[in-house]
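Enquirer: sequence first, predicted coordinates after that:
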Amino acid sequence: DAALVWCRRDLRAHDHAALYHALKAARRVFVAFVFDTEILDALLQQGQRADRRVEFIRDSLVDLDRQLQALAQRASTPGAGLIVLHGLARDEIPRLARELHVQAVYANRDYEPAAVARDARVRGALADAGIGFHTSKDQVVFETDELLTATGGPYGVFTPYRNAWLKKLDGFFVQPYPVAKYADALAPLPAALVAPWNGERVPTLAAIGFEATNLAQLKILPGTAGARELLHEFVAERIDRYEDTRNFPAVKGPSYLSAHLRFGTLSIRELAGIAWDRMRGGSRGAEVWLSELIWRDFYHQVLHHHPQVDGKSFRPEYDRIKWEHGKHADELFAAWCQGRTGYPLVDAAMQQINQTGYMHNRLRMVVASFLAKDLGLDWRRGESYFATHLNDFDLAANNGGWQWASSSGCDAQPYFRIFNPVSQSQKFDPQGKFIRRYLPQLAGLSDAAIHAPWQASPVELEAAGLVLGRDYPKPIVDHALAREKTLERYAVVKRAS
Ligand code: FAD
């Protein structure tokens, strides 16, 4: 009997739940990935022909194909490899399953509403052909209903969720799936699928309608190989100091593994297992890092139990807020997107996302707060900008982050807590190192003046060769006034509750 493993956000051949279950159950196992035109066409329609995620996936598939070949070689069953298709996944997978005469398709569960709907259609189409569809937990440590409160509901507050998560964790939940042990079931590819893309197994970017990005220049290494390099460096050099360094964007503090976690080039079990071991060995840094991985699970369970957060506020009363709209609001939004707000930390952060597709966590909080609480713009505008630009874009974490910053979310920042973009800058980029990296026109200002150039003396501005309004914008809003306006704007929430 034969099976097909459908990879989506799990681009690795080790510690992979669906692959393991398929290899154990069937004698011939094929592995496929579909460049889903439903997703890709939306990017192309927005004019996003150069998309770092598409390139990251494409290059990670080359790595995955190599891993599958190596596994099969070692198991003395050469000829296996990855099947890569381009089309509507909901049609392509049932078609391929029929063509390969498999009895079952295996996949790892994806909790995003659009993926849930797609998988339901695929399940139906497969059932019509008498083919099974088996899904497994793989993307998170604890999913859906595995952690519930004493009254049987989902958690709405992070700290008790985290405590319950840590209490439930034992070696079983972080144990790797021993894929290699069963790799002799990997099936050789049928002749037509050996090298279908112009002699290659994986299509070029051009073959699927995309262009190269600056991924290689940024030294963002794709695939499990790239992920391992980052993980090794983080665990060997930084994890124990994570708590002290993670808030400073100019310091190499965090792991930079988010895109790898998004596309599953590493297993969350492995990362959680490493952090958990280290934490039990007394590392405070590892404990705090593990908490971040738990936030990731937390937001996935929020999205699962409350899929309406994709579009609506978690707390419905927050949808009564009247956001700024019209031409002036559009101009403010454009200034935010392009890093022209006149607040250096905000602008440097927006340069970081625009140039690299990454943004430091502290800065994500600062720019999100700035959009909602300084500019008075609907958080969904910022959320969708992040969705198109972040290499690690993940609906659950992104929505959770935006609703946290705008105060509308599950266990969010209280609405009256409003980040001051200048004091955040003084506190977390005290010497302006991060600002200078992304806004070289401000490099000549002193450490004291760089956070608020409009407050610098004319002498200092002249010495720095800086003319405000020409070389760098004047602030587009006054923070103190904006703060008052925001408290008024959010008053509808207080009245509603
Ligand atoms: P590390 O600090 O090394 O953390 C390790 C991992 O933990 C991350 O890779 C990530 O998978 C997870 N993690 C860390 N913080 C969070 C968090 N607050 N919520 C959920 N998971 C977390 N993260 C995304 O992966 N995708 C997003 O689209 C995303 N959008 C965000 C939007 C906003 C407004 C905010 C405030 C945060 C967002 N985050 C998002 C969370 C966080 O900023 C990133 O995960 C982190 O900056 C990635 O860098 P790192 O891999 O070096 O993280």
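Expert: Here it is on my side, so go on. Residues are numbered from 1 along each chain as shown.
Enquirer: and the protein, which of its residues are near the ligand?
Expert: Proximity of the chain to the ligand (Cβ under 6 Å from any ligand atom) is limited to residues 246, 254-258, 261-262, 292-293, 295-296, 299, 361, 364-365, 368, 386, 390, 392-394, 397-398, 400-402, 405. To be clear about C-beta, it is placed using only N, CA and C from the backbone, and glycine gets the same treatment.
Enquirer: shaky segments in the stretch 201-350 of the chain?
Expert: The stretch 201-350 of the chain contains no residues with pLDDT under 70.
Enquirer: what ranges do the helices span in it?
Expert: Per DSSP state H, counting those that start in this stretch, the stretch 201-350 of the chain carries helices over the ranges 223-233, 242-245, 258-263, 268-280, 284-305, 327-338, 344-356.
Enquirer: dump those to TSV, plus mean neighbour count.
Expert: Putting the helices of the stretch 201-350 of the chain into TSV (neighbours: other Cβ atoms under 10 Å) gives the following:
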stretch	mean neighbour count
helix 223-233	18
helix 242-245	16
helix 258-263	23
helix 268-280	19
helix 284-305	21
helix 327-338	15
helix 344-356	23
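Enquirer: what's the closest of those helices to residue 174?
Expert: Residue 174 sits nearest to helix 268-280 of all the helices of the stretch 201-350 of the chain, at 3.6 Å, using Cβ to Cβ.
Enquirer: check which helices and strands that closest one is in contact with.
Expert: Packing partners of helix 268-280 (3 or more Cβ pairs under 8 Å, 6 or more residues apart in numbering; DSSP states H and E): helix 171-174, helix 284-305.
Enquirer: distance to residue 343 for those - can I get that in JSON lines?
Expert: As requested, these are arranged in JSON lines below (distance: least, Cβ to Cβ, whole Å):
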{"stretch": "helix 171-174", "distance to residue 343": "42"}
{"stretch": "helix 284-305", "distance to residue 343": "26"}
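Enquirer: and of these, who's closest to residue 88?
Expert: Nearest to residue 88 among those is helix 284-305 (23.9 Å), distances taken as Cβ to Cβ.
Enquirer: quick one, the closest one and helix 268-280 angle?
Expert: If you take axes from the mean of the first three to the mean of the last three Cα atoms, to 10 degrees, helix 284-305 sits at 140 degrees to helix 268-280.
Enquirer: for the single nearest residue of the chain relative to the ligand, what are its contacts?
Expert: Here the chain gets closest to the ligand at one residue, residue 401, 2.4 Å apart by Cβ to the nearest ligand atom. The neighbours of residue 401, taking Cβ atoms under 8 Å, 6 or more residues apart in numbering as the test, are 364, 365, 368.
Enquirer: cool, residue 26 as well?
Expert: Taking Cβ under 8 Å, 6+ apart, one finds 1, 2, 3, 102, 103, 104, 185 in contact with residue 26.
Enquirer: verify the stated contact: the first one with residue 131.
Expert: When you say that, I think you mean residue 1. No: Residue 1 is not in contact with residue 131 according to Cβ atoms under 8 Å; the separation is 11.3 Å.
Enquirer: which one is the residue nearest the centre of the chain nearest to, not counting chain neighbours?
Expert: The centroid of the chain falls nearest to residue 392 when counting by Cα atoms, centre = their mean (3.0 Å). Nearest-residue entry for residue 392: residue 258, 3.5 Å, with adjacent residues in sequence omitted and distances by Cβ to Cβ, 6 or more residues apart in numbering.
Enquirer: return the distance of the one you found relative to residue 266.
Expert: 11 Å (Cβ to Cβ, to the nearest Å).
Enquirer: so which residues make contact with stretch 330-343?
Expert: For stretch 330-343, the external contacting residues (Cβ under 8 Å, 6+ apart) are 324, 346-351, 354, 367, 370-371, 374-375, 377, 381-382, 385, 421-422, 425, 438-439, 452-454, 472-477, 479.
Enquirer: please compute how far that stretch lies from its chain's middle.
Expert: 23 Å (Cα atoms, centre = their mean, to the nearest Å).
Enquirer: please apply the same query to stretch 69-78.
Expert: Centre-to-centre, stretch 69-78 and its host chain are 32 Å apart (Cα atoms, centre = their mean).
Enquirer: just the residues contacting it, thanks.
Expert: Residues contacting stretch 69-78 (Cβ under 8 Å, 6+ apart): 13, 79, 80, 81, 179, 180, 183, 184, 185, 186, 187, 188.
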